[in-house]
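> Following is a predicted model, sequence given first.
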Amino acid sequence: MTTRLLQLHPDRLFPVDPEVRSITRRLYAAVRDLPIISPHGHTDPAWFASDAPFENATALLLQPDHYVFRMLYSQGISLESLGLTPVSGTSAPAVDPREAWRILANHYHLFRGTPSRMWLDWVFAEAFGIDVQLDAGTADHYYDHITAQLATPAFRPRALFDRFGIEVITTTESPLDTLEHHQAIAASGWQGRVLTAYRPDPVIDPEFEGFLDNLTRFGELTGEDVFNWSGYLAAHRKRRAFFAQNGATSTDHGHPTAQTADLPRDEAEALFARVIRPDVTPGEAELFRAQMLTEMATMSAEDGLVMQIHPGAFRNHNPAVFARFGRDKGADMPSRTDFVNALRPLLARHGNNPDLTIILFTLDESVYARELAPLAGHYPALKLGPAWWFHDSPEGMRRFRHAMTETAGFYNTVGFNDDTRAFLSIPARHDVARRIDCGFLAQLVAEHRIEEWEAAELAHDLSYTLAKKAYRL
Amino acid sequence: MTTRLLQLHPDRLFPVDPEVRSITRRLYAAVRDLPIISPHGHTDPAWFASDAPFENATALLLQPDHYVFRMLYSQGISLESLGLTPVSGTSAPAVDPREAWRILANHYHLFRGTPSRMWLDWVFAEAFGIDVQLDAGTADHYYDHITAQLATPAFRPRALFDRFGIEVITTTESPLDTLEHHQAIAASGWQGRVLTAYRPDPVIDPEFEGFLDNLTRFGELTGEDVFNWSGYLAAHRKRRAFFAQNGATSTDHGHPTAQTADLPRDEAEALFARVIRPDVTPGEAELFRAQMLTEMATMSAEDGLVMQIHPGAFRNHNPAVFARFGRDKGADMPSRTDFVNALRPLLARHGNNPDLTIILFTLDESVYARELAPLAGHYPALKLGPAWWFHDSPEGMRRFRHAMTETAGFYNTVGFNDDTRAFLSIPARHDVARRIDCGFLAQLVAEHRIEEWEAAELAHDLSYTLAKKAYRL
Amino acid sequence: MTTRLLQLHPDRLFPVDPEVRSITRRLYAAVRDLPIISPHGHTDPAWFASDAPFENATALLLQPDHYVFRMLYSQGISLESLGLTPVSGTSAPAVDPREAWRILANHYHLFRGTPSRMWLDWVFAEAFGIDVQLDAGTADHYYDHITAQLATPAFRPRALFDRFGIEVITTTESPLDTLEHHQAIAASGWQGRVLTAYRPDPVIDPEFEGFLDNLTRFGELTGEDVFNWSGYLAAHRKRRAFFAQNGATSTDHGHPTAQTADLPRDEAEALFARVIRPDVTPGEAELFRAQMLTEMATMSAEDGLVMQIHPGAFRNHNPAVFARFGRDKGADMPSRTDFVNALRPLLARHGNNPDLTIILFTLDESVYARELAPLAGHYPALKLGPAWWFHDSPEGMRRFRHAMTETAGFYNTVGFNDDTRAFLSIPARHDVARRIDCGFLAQLVAEHRIEEWEAAELAHDLSYTLAKKAYRL
């Protein structure tokens, strides 16, 4: 087997036309090394609190990355053979992480044309300095080299954070989280900014696993009678304040739909009484989530936390995988999502408030030009989050800019979110976004739709300023 | 602050590849100066009847342009500060139009990448001969220069009409309109062709403001008993004939959906009896609109008026803005729109009639390749209107051609509509369409999918012939 | 009238940028002459069984091609004038096929920008060696030349099959088909592989014309009591086995939606009892089709037949055309189609089976990136069929690759299907697919997203290997 060199081309992802590429190079050179603002994601704050070394290549790069193992699984490779941990109550034979790594190496061709391939190659080449491609012949070299480097001080979480040029990163926690890791970071004297975000789904969604137990704990943490509507709302206010005191500037809401509601107080109270019963119906659960988006917007208007809405994921689509491996194991699917009708109750109440920021995401690209750009191009409270999840990719980002810009402009968008738990890929993801945005801007310049000095300003804004401003960082 | 030159590049909006650009230049050169056929829009016929000068830069270019003020509003600028007029019963402090203009100038960067920027720059450079860019430093120069020119004879509506090379323009009137302005134009001896179109929404949509009052007026104008189904239909026939006598060649229908119905006569009559009651339900209103599309198609088959359907706008989405400023103030939103199911009753009745022309528009691009192109590529009565409203933009037009052409061909489309009340931007809008169409055709030539002589024929047809023929002008 | 030369450009459909075009040329040169795998289509096995000559240009190229006559019809040309045969019970004047051909020639400009134009030009130039373009002036030359050649041995079906380099072709038959033509081919000693596929819609869809009569015949062919749920399922098993014995490797299911169900046995049995009554409701019919998709998947898991699902066509949209000319006459329309919710019952039962292959198609491109790629990028049983029907076109194929690849990769796709009854266009259709795929891959190479050796492997896989493997050929 031929060993092939791994080289990241400096022009990767740039448009091919020589004139456009040349403009892109100039735009990109000025933003390439800007600090990373990572205002939304799922890294583990414990990493930065403990600064303990990562374990090995497989545990760091394969097992937690649902993009990677879902592709392998789709081609008939069992999740057990990759060493994924079953939920408690079930057991699986121990898997040698080196063997799991070899499976990835043997099937690395499956990732051709995917963003995972680009992110991983960046991690291999830039983070670990590997200069040969991953395949069956180099699998062990990779495994040994990566695992050895992870044991060195330069690959500790805080060292990587600094080396990656991260100015600020935001993690996502449940209201039931004690934020002990964030407090430990603050107490440690380390200067890295690792913020939290308030993600109340476990105590808002009546269909969330353990909802009633979660409420009980919510009451314990806040000292409120959370099985009473007033107490429940007061508990949110207290916990939001606690998060804000510990650095949070935003909340996040992952609902199945974007439905909102604005019920009279007595109806909301009666609805709450129904959803805390074990026989809550799906319709009641949906209406309660809808009402709570408006309640959360009301609280954001009061306390200044930026509100993020991530709707439209059909979670745990595969019952067998969910039963065996639990949440977030690659069996979440996008679904069609309406915004124009669904958001109207919330917008009628809060949409005209220029001091409120609500950032919308979607997994349904058909709403980009039809619904999201027209909404964000009108309502002062709305901004557009970047291309998300399955669409956080070169083609996905291009579709986002092409569909959104003409109606929403650039200044109703908020820069890039990596939204990842794959810590090492964060610089690669921001780099992809900067490359694609610069290429898009260069195209506008080459078509004489904007001038190059404007594109340069925009490149800076999209790479850095807009995220910082929108998230109040 | 640096003053920057404003120069419209002759190759703007052309594809960047040198070969494609070169073909585009040749195609465009042959159509650039063709007369403008503007078969659908919302200019005010009073302008051409009175030929009175326009007032000032703000009143002409900012306050009536919902594309412009919606973007400013989305970034927290109040509509009051722009001098928009509240509806009667509310009041607002007077706003100096120069101050409003300065706000636009200070925020002109918000329009980067939008079609408004391209249209406005054309108006500044080509219509007014301004050679510096609009920004805070040039705001007063712009305001003074534009306002001064508007007072000169060369900027009177008829002079601009002639200078813009408009062969024919169509306005849109309610059946309740007396068409006095169109009659005044005809009586004036001026040769400009300013036609009307029959837009009966105010007397067809039971949810339209003042529907019952409108019906009363409809009866007075026609001498029919319009609260009786037969009389109501007869009134439409009379009023359509009156419009046709005054130059109309088309009707226009702006419904929330594309739903049609073809009820037996007794059911239609019973439905009519219900919708003229004050307690009409939303379902009855929707069914009545649906039935009336088929009735209008029946009348078009009789009287030869081309029928336009503009469905899918969620009007007045923002209740606060609607209450304060009324209709058409930038808070209309697109919504998902079905055609294949919705149009079937009408098409089963009239779709096979090759002498009838029904032109379909949509705000939902997901139906381009899936529904509209297959329908128009089969039914003789159907034609496809151009990319509309939020999609009347360079990217929107490209998506239209890419998605429609392979199934519908070019000859089931009807050229360009500007659909605007922004009179000065009309040449810019047609110019954008010609540039984009020539670029699309050049791409087909460069990929050897058609030959250049075919592209040249098509460029002429798309720029001029198809609109003239489809609208029977 | 000028006679214009007909020349297929060797670079047709390649990207225009010189670098990308150059890479495309290299990739395409290596796959251009690979054998054709045609794993799904609608050619008539009788052609290959009898090897009788085709009749004339019109009967071969115009009258059976719904892409062609739907476009002509959309522009007001009657189907009668093209010589289409009305259904029995109605009559039409005989049409001179030469006159029908002249109508096509006179309107050939309507096909500019459509795939039909490219397919037909290939047939004219490559299959028949014609060197002038089709128009009014060359119509008779075309008609005479084509009709004369069809009478020669080189244009018999088997000779064309060999000349086209077809390695295997699959036709589509009802369970009621005796497969006599396939058996005749097998008995003839001719080496051409012409397989069948099991398309049970006529005995599965309670709304299919003659459903109950079809069931009676189904019982006669299998000796099972098909009006009993167990007997009905047993009849399917028997008939599937018969098809497999005669070469079938796949089944095919053309349902109005992608809805699936997985009912308990007693409910399924009760449902079956209802759908064999003349008063079956649309809801019962839909649920039964849904249940049968899961039953068919169960059988595929047993007998190894690859399962294809072609959902989302609104059949016979035009009642007048259907009444006069019957099924498949160009009045089928795509409709919006859900997959994530609709397929869940089937996937919960069978989706994790890596030995089962279910190939999904859609007419609704909005599900490409949103639903199909995420589903196929996770479930081992799922693969993605190519861009289908209205989307089997250069732009359609590009949209398919751009939207699918980043989440599904290439290896969850199955190469190209021509899905046609237009036998002579088969090489042209595969050639279009190879050109578009090579262009897409070349773009990835030029953007440094994959390397050229990878693109070369992929080009071979997409053109040949994936279809062969996915369909078990």
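Good, I have the coordinates.
> any idea which element the most centrally placed residue in chain A lies in?
Taking Cα atoms, centre = their mean, the centroid of chain A lies closest to A:Asp419, which sits 1.8 Å from it. If you go by DSSP states H and E, A:Asp419 is not part of any helix or strand.
> That one reaches A:His66, doesn't it?
No - in terms of Cβ atoms under 8 Å, A:Asp419 does not count as a neighbour of A:His66; the distance is 12.0 Å. Placement of C-beta: from N, CA and C, glycine included.
> Between the two, which contacts overlap?
With contacts defined as Cβ atoms under 8 Å, 6 or more residues apart in numbering or on different chains, no residue is shared by A:Asp419 and A:His66.
> SS state for A:Leu424?
helix (DSSP: H, G, I helix; E, B strand; the rest coil).
> Which residue is the nearest non-sequential neighbour of it?
Excluding its sequence neighbours, the residue lying closest to A:Leu424 (Cβ to Cβ, 6 or more residues apart in numbering or on different chains) is A:Val123, at 4.8 Å.
> Is it correct that the one you found falls within a strand?
No - under three-state DSSP, A:Val123 falls outside any strand and is assigned helix.
> Strands of the stretch 251-400 of chain A, residue ranges please.
With DSSP state E, counting those that start in this stretch as the criterion, the stretch 251-400 of chain A has strands at A:306-309, A:313-314, A:333-334, A:358-360, A:382-384.
> what about A:Asp213, how many residues close to it?
When neighbours are counted by other Cβ atoms under 10 Å in any protein chain shown, A:Asp213 registers 11.
> so where does it fall, helix or strand?
Going by DSSP H and E, A:Asp213 is part of helix A:211-222.
> after that helix comes which helix or strand?
Next helix or strand after helix A:211-222 toward the C-terminus (DSSP H and E): helix A:229-245.
> Which residues of the stretch 201-350 of chain A lie near chain B?
Applying Cβ under 8 Å from any Cβ of the partner chain, we find that the stretch 201-350 of chain A lies next to chain B at A:Asp338, A:Val340, A:Asn341, A:Arg344, A:Leu347, A:Ala348.
> mind redoing it with 7 Å?
Residues of the stretch 201-350 of chain A that fall close to chain B, judged by Cβ under 7 Å from any Cβ of the partner chain: A:Asp338, A:Val340, A:Arg344, A:Ala348.
> Those residues into a markdown table, with extra columns for pLDDT and neighbour count?
Formatted as a markdown table, these follow (pLDDT from 0 to 100; neighbours: other Cβ atoms under 10 Å in any protein chain shown):
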| residue | pLDDT | neighbour count |
| --- | --- | --- |
| A:Asp338 | 97 | 17 |
| A:Val340 | 98 | 20 |
| A:Arg344 | 98 | 20 |
| A:Ala348 | 98 | 16 |
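> List the buried residues for the helix holding A:Asp213?
Across helix A:211-222, burial judged by 16 or more other Cβ atoms under 10 Å in any protein chain shown covers A:Phe211, A:Leu212, A:Asn214, A:Leu215, A:Arg217, A:Phe218, A:Gly219, A:Leu221, A:Thr222.
> Same question for stretch A:139-146.
Residues of stretch A:139-146 classed as buried under the neighbour-count rule (16+ other Cβ under 10 Å) are A:Ala139, A:Tyr142, A:Tyr143, A:His145, A:Ile146.
> what residues does chain A put near chain C?
A:9, A:11-14, A:16-17, A:70-71, A:73-76, A:110-115, A:118, A:314, A:317-320, A:330-331, A:333-336, A:363-366, A:390-391, A:393, A:395-396.
> Got a quick PyMOL command for the buried subset of the residues you listed?
In PyMOL, a selection of the buried entries from these looks like this (16+ other Cβ under 10 Å):
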select buried, chain A and resi 11+12+13+14+16+17+70+71+73+74+110+111+112+113+114+115+118+314+317+318+330+331+333+334+335+336+363+364+365+366+390+391+393+395+396
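> and the residues of chain A next to chain C, which of them are in helices?
Applying DSSP state H to the residues of chain A next to chain C, the entries found in helices are A:Arg70, A:Met71, A:Tyr73, A:Ser74, A:Pro115, A:Met118, A:Pro319, A:Ala320, A:Glu395, A:Gly396.
> of those, closest to C:Gly254?
Checking these against C:Gly254 with Cβ to Cβ, the nearest one is A:Ser74 at 25.3 Å.
> What distance do you get for the closest one to chain B?
For A:Ser74, the distance to chain B (Cβ to the nearest Cβ, to the nearest Å) stands at 26 Å.
> so that residue makes contact with C:Pro380?
Yes - A:Ser74 lies in contact with C:Pro380 (Cβ atoms under 7 Å); the separation is 6.1 Å.
> quick one: low-confidence ranges for the stretch 51-200 of chain A?
For the stretch 51-200 of chain A, applying pLDDT under 70 flags the ranges A:89-92.
> Quick check: chain neighbours aside, which residue is closest to the residue of it found nearest chain C?
Closest approach of the stretch 51-200 of chain A to chain C (Cβ to the nearest Cβ) occurs at A:Gly76, with a separation of 3.5 Å. Sequence neighbours aside, C:Pro354 is the residue nearest to A:Gly76 in space, at 3.5 Å (criterion: Cβ to Cβ, 6+ apart).
> Narrow the buried residues of stretch A:139-146 to those in helices?
Among the buried residues of stretch A:139-146, DSSP H puts A:Ala139, A:Tyr142, A:Tyr143, A:His145, A:Ile146 in helices.
> which one of those is nearest chain B?
Of these, the one sitting nearest to chain B (Cβ to the nearest Cβ) turns out to be A:Tyr142, at 39.9 Å.
> if I pick the closest one, what's in contact with it?
Contacts for A:Tyr142 (Cβ atoms under 7 Å, 6 or more residues apart in numbering or on different chains) come out as A:Ala57, A:Trp101, A:Ala105, A:Ile130, A:Leu134.
> A:Arg434 too?
A:Arg434 touches A:Tyr28, A:Val31, A:Arg32, A:Ser463, counting by Cβ under 7 Å, 6+ apart.
> Drop anything exposed from those.
Buried members of the contacts of A:Arg434, counted by 16+ other Cβ under 10 Å: A:Tyr28, A:Val31, A:Ser463.
> Quickly name whichever of those residues is closest to chain B.
For these, the nearest to chain B is A:Ser463 (15.5 Å; Cβ to the nearest Cβ).
> Thanks again, I'm all set now.
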